[in-house]
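Undergrad: What shape does this take:
(one chain, ligands or ions: 1)
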Amino acid sequence: MLRIVIAILGVCLLGPTQHTAAAENNNSSSLFSTRFTHGDGEYEISSVRLPWFKARNLCRSLGKDLVSIESSAENIAILTALSSFSTESFWSAGTRLYTGPNYFYWDSTGLSVESYTNWAPGQPDDSSDYVRIWHEYGHQWDAAPDTYELLFICEWHPCV
Ligand SMILES: [Ca+2]
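TA: Numbers count the residues shown, from 1 in each chain. Alright, predicted model coming up:
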């Protein structure tokens, strides 16, 4: 147990260079094109397109989850990272899968999206239950069907 704690502390204290080296040592590196940080959060943008559940499960298989956007500052960091992806939409952890028509939440945290929202005009509509970061409105949010095959963003907090 002590060794695990020391290993985790070591990774957190060694900083981004060591993180990158660690990421390149596993087989997931080809699944992602871009890595960035915001506060204590780390993020990776996928290089593969998947439907929502497969995207979520892939993030989770790596000890991460789909991205949740809880503040304007986090949104700005994400939009900056997406600035070179102007024709691509991305899955987030947002859904109303288990809650019904008027309550979207982040599947990664279980918390409502209402603390911060960035819906595109006319969204969310009644047709779909999963939140994509939609290129057609400058990466504002859109409720989309889970079957769409999109790039996605994994988020994790290794030092919290
Ligand atoms: Ca987040």
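Undergrad: Could you report the separation of the residue nearest the centre of the chain from Trp141?
TA: Here the mean C-alpha position of the chain is nearest to the C-alpha of Val67 (CA atoms, centre = their mean), at a distance of 2.0 Å. The span separating Val67 from Trp141 equals 11 Å under the rule CB to CB, to the nearest Å. The way it works is simple: take the backbone N, C-alpha and C, and place the C-beta from them, glycine included.
Undergrad: Run through the strands of this structure in chain order.
TA: Under the criterion DSSP state E, the chain carries strands at the ranges 32-38, 41-46, 65-66, 90-95, 105-106, 130-134, 140-144, 151-156.
Undergrad: export these to CSV and tack on mean pLDDT, mean neighbour count and distance to Gly122?
TA: Formatted as CSV, the entries for the strands of the chain read as follows, by pLDDT from 0 to 100; neighbours: other CB atoms under 10 Å; distance: least, CB to CB, whole Å:
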stretch, mean pLDDT, mean neighbour count, distance to Gly122
strand 32-38, 96, 15, 28
strand 41-46, 98, 21, 26
strand 65-66, 98, 22, 23
strand 90-95, 98, 26, 16
strand 105-106, 96, 21, 21
strand 130-134, 97, 27, 11
strand 140-144, 96, 21, 9
strand 151-156, 98, 24, 23
